[in-house]
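Peer 1: Need a 3D model of the sequence below.
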Amino acid sequence: MLAATSSATETVRVDVNAMPRVVFTGDSQTCGRVGARDYPQMLSWEMPVRVINTGVGGTNTTHLLSETSGGSAQVAKGEKVVKGTKVGWGAGPYPGQKIRLGRREYVIDRIEVVSHADRQANLWLTEPAQEDFAGGDYAIEAGWRVRVAQYRPDYACFMYSVNDTGRTSEQFIENLKEIVERTKTLGAQPILLSGVPLMDAAKGGSHPGGNDRVKVRERDLIEFSSRNDIPFGNVFGVLMLLDEPCTAVWVDTVHPTTDGSLAALNALRSIFRDLGLADNPYYVRGYRAAAELASPETGLVTFTTSQPDYDVSNRPNESQFSLKAIHVRDEYGLISSADGEAVESETPIVLEFGVGDAEAVGSAQVEIVTPSEVRVAWFDWDKEAWQDLARGRGRIAAGIPKDALRGACRKGAIWLAVSGGGKIALDYAAVVLGGDVAPFRPKRAKGPIVWPRAGELEWQAEDNRVANGDLTEAGDGAPAHWRRQGDQALYLRPGVVAEGTGGFTKGRLIDLFKSAGQQFTRTVRPLDMLTVAEGPEGALGNFLIAQVVDDETVRVRRFPKDEASGLRFRIARTSGCGAVPGGCMIESRGESGWETAVRIAEPGRYRLGFFFRVYDPANMNAADRPGDAASVTVGIGGNTLAAADSLESSYQWQRKWLEFDAPQAGQIVIRASSKSDVAVQYTGFTAQKR
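Peer 2: The predicted structure is shown next:
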């Protein structure tokens, strides 16, 4: 673990610039496509770092390091639109990069893809062309300056793999080497992530590529990061293990959903903790409040960081992702300095300032710069009310009364509200702390940092006090040693659930499979896998079940080229947790659940581990996450020893640990349930003495 502070100083200015600056870049899996939130932005909601996302759809490591050319470009003097034919502009560039057209150089404002198939695209310039140009004598600068170097980051995180599969390992590693060397030259710490798996044919999806090729990039990243002590998060490997049906990506088969980015979040949480970044006590989080100013943490909408391919209104719109959109949507950048560029809001702005140990804070001076007439207030947690601090416009400076500082601090933060009679414009905000305080100093890795950690996802049967923890022993329709509670408690085992003869037919596309005489509504579930072993080439292989339409019809994720009939098929349930041998699981829903008893021979500290996921295929979408659904409790003699009932749930398997103290020898009872009518599945239980 890395240290976080230096020697004490008299004051610390807590503003946006007090947070270590982290640049994230990569391909479209970093962008947050299909209406999903990007993982860097989600990280900014919880980590005390300044997040900047410069991902580019279609890009690879070469686009980051080398100029782009090829095809032809054309623009007329006085025009801002450069028309490209047979160009690769759909895979970048990024607004702000320079393009040389003959002997003239311009700055790119935005990119508009006219036709991916015909490789036609337009570049919009920040100024009119100074002369006519037509031909192939053009070049777009490498992405490095604009996407990384200009931000002077403390850390730079790169997610590349799926778009680099056309390279040899030697070529890919050579690019990684240059990326790392350039990052260190900037004085920044490099971090590497592998990408999200594709929903390819083997997984029952229609992506034309294959994860076997992406796996080569995974091995390259593991080897390179290990050899060079570069922090590395193996997102690809974890999702291949824990997400067999590839729920992490949207139906387009390549772009992660908001929920699908949880693996990247988990990787970065772990790496940032190891780097000491989570220990930074000084941060700023901004929010827009509801129409009425309520208590902090209620009805708040967080400030945005710039998300690639989102326009000035924060809507997905690739062709309107411009320099202005990047600037306007980076709302933390707008309040980082008093430069006349402000965040605007129709409702009160609420600011959370991380101030660290309240006992060390001797004074707190608030500084606000605004062109609006505003009221500035601080929240008094002792009185549970907003207290006036100052009113006015321009530069406002006022101190929170010294005798009120303890009431102003809660969980290491002070909350301010800026409100007014109309639209509010906030140009700068800071809290200057005095006392026994010291600035946070970002540190660098001094050894290997890898996620997942060794043993983090490996399920071990040895020294496991939970009998049948992998649920593979069956008895009377239930796992041995487990008790069903309620009709909606299900025991699910892998194996063939339906087979026979059927064929593909047209629904929305050729996405329906029909078989007469079946009872699919009783036997098959979404995320089961249909397999055809013999027949026309286009109808062979795996087809993930997306929906059970009726007794004789299912809808599939992968579409055959042509309709086909008379196909021998089988449908199997195979989506158990890959980390737990056997593929078995229990499911809880509503009031139903499962219990097992564990014999404890001696009192002491114990740790319960388990894997869980939400199963709700009908409600999976690109933007939302399943929410807090799982509940696991440990009790003895009617008393609860521990409870995990605020678990971050996902459609991918997650592993969690619950520690508890057994006060005496005896039987403890483990209960796994759901907090609602949403189904939660569990497997891989372990209980060990600490």
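Peer 1: Tell me the strands beside the helix or strand harbouring residue 632, with direction?
Peer 2: Using DSSP states H and E, residue 632 falls within strand 630-636. Looking at strand 630-636 with DSSP bridges, its partner strands are strand 639-644 (antiparallel), strand 666-674 (antiparallel).
Peer 1: I'd like the ones you listed as CSV, with mean neighbour count, mean pLDDT and distance to residue 591 appended.
Peer 2: For glycine as for every other residue, the C-beta is placed from the backbone atoms N, C-alpha and C. CSV is the format used below for these (neighbours: other C-beta atoms under 10 Å; pLDDT from 0 to 100; distance: least, C-beta to C-beta, whole Å):
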stretch, mean neighbour count, mean pLDDT, distance to residue 591
strand 639-644, 14, 92, 17
strand 666-674, 20, 95, 8
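Peer 1: So for residue 486, which of those strands sits nearest?
Peer 2: Among these, the nearest to residue 486 by C-beta to C-beta is strand 666-674 (9.0 Å).
Peer 1: If you count neighbours, what's buried in the strand holding residue 632?
Peer 2: 630-636 (16 or more other C-beta atoms under 10 Å).
Peer 1: Other residues contacting it?
Peer 2: 600, 608, 610, 612, 614, 640-645, 647, 649, 656, 658, 660, 662-664, 666-675, 680, 682 (C-beta atoms under 8 Å, 6 or more residues apart in numbering).
Peer 1: cutoff 6 Å now
Peer 2: Residues outside strand 630-636 that contact it (C-beta atoms under 6 Å, 6 or more residues apart in numbering): 612, 640-645, 647, 649, 660, 666, 668-673, 675, 680.
Peer 1: now stretch 330-347, how far from the centre of its chain.
Peer 2: Chain-centre distance of stretch 330-347: 25 Å, with C-alpha atoms, centre = their mean, to the nearest Å.
Peer 1: Export it to PDB, keeping only CA atoms.
Peer 2: This file holds the C-alpha atoms of stretch 330-347, laid out as PDB (Å, rounded to 0.1, in the frame of the first residue of the first chain):
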ATOM      1  CA  ASP A 330     -16.800  18.400 -18.400                       C
ATOM      2  CA  GLU A 331     -18.600  20.200 -15.600                       C
ATOM      3  CA  TYR A 332     -15.800  19.700 -13.100                       C
ATOM      4  CA  GLY A 333     -13.500  21.500 -15.600                       C
ATOM      5  CA  LEU A 334     -16.000  24.400 -15.700                       C
ATOM      6  CA  ILE A 335     -15.600  25.000 -11.900                       C
ATOM      7  CA  SER A 336     -11.900  24.300 -11.700                       C
ATOM      8  CA  SER A 337     -10.800  27.900 -12.200                       C
ATOM      9  CA  ALA A 338     -12.400  31.400 -12.300                       C
ATOM     10  CA  ASP A 339     -12.100  31.800 -16.100                       C
ATOM     11  CA  GLY A 340     -15.600  33.000 -17.000                       C
ATOM     12  CA  GLU A 341     -16.700  29.500 -18.000                       C
ATOM     13  CA  ALA A 342     -19.500  28.300 -15.600                       C
ATOM     14  CA  VAL A 343     -21.800  25.400 -14.800                       C
ATOM     15  CA  GLU A 344     -25.400  26.500 -15.200                       C
ATOM     16  CA  SER A 345     -28.400  25.100 -13.400                       C
ATOM     17  CA  GLU A 346     -32.100  25.900 -13.000                       C
ATOM     18  CA  THR A 347     -32.100  24.400  -9.500                       C
END
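Peer 1: How about residues contacting it?
Peer 2: 16-17, 288-289, 291, 303-306, 369, 423-429.
Peer 1: For beta bridges, what are the partners of residue 429?
Peer 2: With DSSP bridges as the rule, residue 429 is bridged to residue 368.
Peer 1: The stretch 301-450 of the chain: strands as residue ranges?
Peer 2: 301-302, 343-345, 349-355, 361-380, 385-399, 409-410, 413-419, 424-426, 428-437, 450-451 (DSSP state E, counting those that start in this stretch).
Peer 1: Partner strands of the fifth one, with direction?
Peer 2: Pointing back at strand 385-399 there. strand 361-380 (antiparallel).
Peer 1: Then the second one?
Peer 2: Its sheet considered, strand 343-345 pairs with strand 424-426 (antiparallel) by DSSP bridges.
Peer 1: Same check on the first one?
Peer 2: Each strand that pairs with strand 301-302, with its direction, by DSSP bridges: strand 282-288 (antiparallel).
Peer 1: The strand it pairs with vs strand 428-437, what angle?
Peer 2: Orientation check (axes from the mean of the first three to the mean of the last three C-alpha atoms, to 10 degrees): strand 282-288 against strand 428-437 gives 150 degrees.
Peer 1: Same question for strand 282-288: list its buried residues.
Peer 2: Within strand 282-288, the residues that qualify as buried are 282-288, counting by 16+ other C-beta under 10 Å.
Peer 1: Repeat that for stretch 676-690.
Peer 2: 678-687.
Peer 1: Contacts made by it with the rest, please.
Peer 2: 459, 463-466, 469, 471, 577, 580, 585-590, 598, 604-616, 629-630, 672, 674.
Peer 1: I would like the residues contacting stretch 352-360, please.
Peer 2: By C-beta under 6 Å, 6+ apart, stretch 352-360 touches 14, 48, 281-285, 361, 409, 412-415, 431, 433, 435-437.
Peer 1: Can you flag the buried ones in these?
Peer 2: By 16+ other C-beta under 10 Å, those give 14, 48, 281-285, 361, 409, 412-415, 431, 433, 435, 437 as buried.
Peer 1: What is the end-to-end distance of stretch 134-143?
Peer 2: 23 Å (C-alpha to C-alpha, to the nearest Å).
Peer 1: which SS class is residue 677?
Peer 2: Using DSSP: H, G, I helix; E, B strand; the rest coil, the structure places residue 677 in coil.
Peer 1: which residues sit in contact with residue 48?
Peer 2: Counting by C-beta under 6 Å, 6+ apart, residue 48 has contacts 19, 280, 283, 354.
Peer 1: roughly how far out does stretch 678-690 sit from the chain middle?
Peer 2: Relative to its chain's centre, stretch 678-690 lies at 24 Å (C-alpha atoms, centre = their mean).
Peer 1: what about dumping the CA coordinates of that stretch to PDB?
Peer 2: What follows is stretch 678-690 as a C-alpha-only set of coordinates in PDB (Å, rounded to 0.1, in the frame of the first residue of the first chain):
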ATOM      1  CA  VAL A 678     -36.300 -10.000  -8.800                       C
ATOM      2  CA  ALA A 679     -34.600 -13.400  -8.900                       C
ATOM      3  CA  VAL A 680     -31.100 -13.700  -7.300                       C
ATOM      4  CA  GLN A 681     -29.000 -16.800  -7.900                       C
ATOM      5  CA  TYR A 682     -26.200 -18.100  -5.600                       C
ATOM      6  CA  THR A 683     -23.500 -20.700  -5.700                       C
ATOM      7  CA  GLY A 684     -20.000 -21.400  -4.400                       C
ATOM      8  CA  PHE A 685     -20.500 -21.000  -0.700                       C
ATOM      9  CA  THR A 686     -17.400 -21.300   1.600                       C
ATOM     10  CA  ALA A 687     -17.000 -20.800   5.300                       C
ATOM     11  CA  GLN A 688     -13.600 -20.800   6.900                       C
ATOM     12  CA  LYS A 689     -12.100 -19.900  10.200                       C
ATOM     13  CA  ARG A 690     -10.000 -16.700  10.000                       C
END
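Peer 1: which residues are in contact with stretch 61-72?
Peer 2: 84-88, 92, 135-136, 139-140, 142-144, 160, 164, 175, 178.
Peer 1: hang on, I meant stretch 543-560
Peer 2: With contacts defined as C-beta under 6 Å, 6+ apart, stretch 543-560 is touched by 204-206, 245, 504, 509-516, 518-521, 524, 526, 528-530, 538-539.
Peer 1: The residues you listed in strands, which ones?
Peer 2: Among the contacts of stretch 543-560, DSSP state E puts 504, 512-514, 529-530 in strands.
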